[in-house]
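Novice: quick one, fold the following:
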Amino acid sequence: MSQDNYIYTIDPYPLESADFNRVHPFFDALKEGRFVNSRCQDCGQMFWPPRFICPNCMSDNMKWEDVPREGTIVAFSVQESGVPMGFKPPLIFAIIELDNGLRLFSRIADAIPEEVEIGKRVRFQVEPIPNDHFDRVLFSFKLA
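Specialist: Residues are numbered from 1 along each chain as shown. Okay, the predicted model is just below:
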């Protein structure tokens with residue numbers, strides 16, 4: 001079995017179209033190079049990951065807003081084994097606090113573990129999914 005066939009047999013990435021995903025506007029914005037999240041128009045809350053129903057008040061009155069593209073590393077971890085196909089170990093993952101206070105979990109790309117520290121600044125970026133035939137994208141952060 002070729003590597004390409006294996007990826008689509010066990011696909012670790014969500015399908016990003018409106019046919020398969022109710023938060024598809026998030027992925028549409030990523031493809032435009034924008035970083036967005038959903039905010040409840042009834043109670044004003046914003047949660048990560050993007051939602052189509054507010055977990056605070058259960059409203060479906062959500063609106064997409066641009067969020068800050070920079071933040072600070074709050075915590076991080078290094079993954080050296082079990083890395084998905086198309087990625088080279090080690091992978092660095094971090095909890096990032098965006099400049100608006102929203103916290104999220106993301107990969108830190110283009111860095112080595114020795115460069116990553118709590119308190120370092122990071123910047124949002126969009127990257128294609130490796131070996132993907134559907135032109136899907138992922139977001140990650142890189143050291144600022």
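Novice: verify the stated contact: Phe47 with Pro55.
Specialist: Yes - under the criterion of CB atoms under 8 Å, Phe47 makes contact with Pro55 at 6.0 Å. C-beta here means a position set from N, CA and C on the backbone, and glycine is covered the same way.
Novice: quick one, which of those two is more surrounded?
Specialist: Phe47 (15 against 9; other CB atoms under 10 Å).
Novice: look at that one and report its pLDDT.
Specialist: For Phe47, the model assigns a pLDDT of 94.
Novice: now Val122, which residues is it bridged with?
Specialist: Gly71, Leu143 (DSSP bridges).
Novice: how deep is it tucked in, by neighbour count?
Specialist: So Val122, with other CB under 10 Å, has 24 neighbours.
Novice: tell me which residues touch it, please.
Specialist: Val122 sits next to 70-73, 94, 96, 108, 141-144 when contact means CB atoms under 8 Å, 6 or more residues apart in numbering.
Novice: and it, how far from Asp42?
Specialist: Using CB to CB, to the nearest Å, Val122 is found at 32 Å from Asp42.
Novice: got any ranges where this protein has weak pLDDT?
Specialist: Low-confidence segments of the chain (pLDDT under 70): 1-14.
Novice: tabulate the contacts of Val122 (CSV), appending neighbour count and distance to Asp132.
Specialist: Converted to CSV, these look like this (neighbours: other CB atoms under 10 Å; distance: CB to CB, whole Å):
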residue, neighbour count, distance to Asp132
Glu70, 14, 27
Gly71, 25, 26
Thr72, 17, 30
Ile73, 21, 27
Ala94, 24, 23
Ile96, 23, 24
Ile108, 23, 21
Phe141, 26, 20
Lys142, 14, 20
Leu143, 16, 25
Ala144, 10, 27
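Novice: how about these in JSON lines, adding distance to Asp28?
Specialist: Compiled in JSON lines, these are given as follows (distance: CB to CB, whole Å):
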{"residue": "Glu70", "distance to Asp28": "22"}
{"residue": "Gly71", "distance to Asp28": "22"}
{"residue": "Thr72", "distance to Asp28": "27"}
{"residue": "Ile73", "distance to Asp28": "28"}
{"residue": "Ala94", "distance to Asp28": "25"}
{"residue": "Ile96", "distance to Asp28": "22"}
{"residue": "Ile108", "distance to Asp28": "24"}
{"residue": "Phe141", "distance to Asp28": "20"}
{"residue": "Lys142", "distance to Asp28": "22"}
{"residue": "Leu143", "distance to Asp28": "27"}
{"residue": "Ala144", "distance to Asp28": "26"}
